[in-house]
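A.B. asks: Using only what follows, build the 3D model:
(one chain, ligands or ions: 1)
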Amino acid sequence: MNRREMLLATGVGAAAAILLPRIGQAEEPKTGFTLPKLPYEYDALEPVIDKETMTIHHTKHHQTYIDNLNKALAGKDDWLKMSIDDIVAKVKTIEDMRLRRTITNNGGGHWNHTFFWSIMAPKDQSGKPEGALAEAIEKFGGLDKLKTAVQERATGQFGSGWAWVTAKGGTLEVVGSGNQNNPLMDGARPILGIDVWEHAYYLKYRNRRADYVKAWWDVANWKVIGENFDKAKG
Ligand code: MN3
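C.D. replies: Below is the predicted model:
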């Protein structure tokens, strides 16, 4: 008689039926991260971001970061237990510099892209800054000033990287990062970030990064960015 049969036979079947699968699940090791589904269709951000770019960016580029992250974390159960948010925030505690670099690039890549998809919406659902975020933007000098600062960061970023808006203590700040680094790795929480790797815009905008960033605001999801601000201002 195994444990389950014994429990059933002794009349605690109802409790066992609830408890046993839970025990099993808790002991199941997490094997890695999976590609999150986009919150809209691949062509939903047209004409600002074309369907082909979105498809390749999501199914190839983002998937590759996840595959490489999983490869790097294989067997590292302590890390696999963590959320991608925690992994990215703690990446600088990794002593092995080679591993730190791999997790920075690929954990960062996974976090950044998951974040990027979430802060965009079809043009007709973009909305506008409201509430506490709208006040913070006013304090910054207005939306046009914020857009100009982001534009400067985005076009001034040499090579691949990101332009971010963070909200430490409720004050907006515009920062840039190279490769897949992000502000979370430096203890600041972004509320908005624009991918300025060529793979994010080259098919449609060719070398015209400035045009892509200027157009990007039409698909900014201000509802989500506002929620990010409420969480980040803390
Ligand atoms: Mn990208």
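A.B. asks: and the biggest helix by length in the chain, how far out from the chain's middle?
C.D. replies: Longest helix in the chain, counting residues (DSSP state H): helix 97-118. Averaging C-alpha positions (C-alpha atoms, centre = their mean, to the nearest Å) puts helix 97-118 9 Å from its chain's average.
A.B. asks: How about residues contacting it?
C.D. replies: 33, 36, 38-39, 57-58, 61-62, 64-66, 68-69, 72-73, 84-85, 87-88, 91-92, 94, 162, 179-182, 184-185, 190, 193-195, 221, 224 (C-beta atoms under 8 Å, 6 or more residues apart in numbering). Backbone N, C-alpha and C define where each C-beta goes, glycine included.
A.B. asks: Now narrow those to whatever sits close to the ion.
C.D. replies: residue 195 (C-beta under 5 Å from the ion).
A.B. asks: related to what we said a few turns ago, please export the C-alpha coordinates of the longest helix of the chain as CSV.
C.D. replies: Output of helix 97-118 as CSV, limited to C-alpha atoms (Å, rounded to 0.1, in the frame of the first residue of the first chain):
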residue,chain,number,x,y,z
MET,A,97,31.9,37.7,-14.2
ARG,A,98,31.3,35.5,-17.2
LEU,A,99,28.0,34.3,-15.8
ARG,A,100,27.1,37.9,-14.7
ARG,A,101,27.6,39.1,-18.3
THR,A,102,25.5,36.3,-19.7
ILE,A,103,22.6,36.9,-17.2
THR,A,104,22.9,40.7,-17.7
ASN,A,105,22.5,40.3,-21.5
ASN,A,106,19.9,37.5,-21.6
GLY,A,107,18.0,38.1,-18.3
GLY,A,108,18.1,41.8,-19.2
GLY,A,109,16.9,40.9,-22.7
HIS,A,110,14.0,38.9,-21.3
TRP,A,111,13.0,41.6,-18.8
ASN,A,112,13.4,44.5,-21.2
HIS,A,113,11.3,42.9,-24.0
THR,A,114,8.5,41.7,-21.6
PHE,A,115,8.4,45.3,-20.3
PHE,A,116,8.5,46.8,-23.8
TRP,A,117,5.6,44.8,-25.1
SER,A,118,3.5,45.8,-22.0
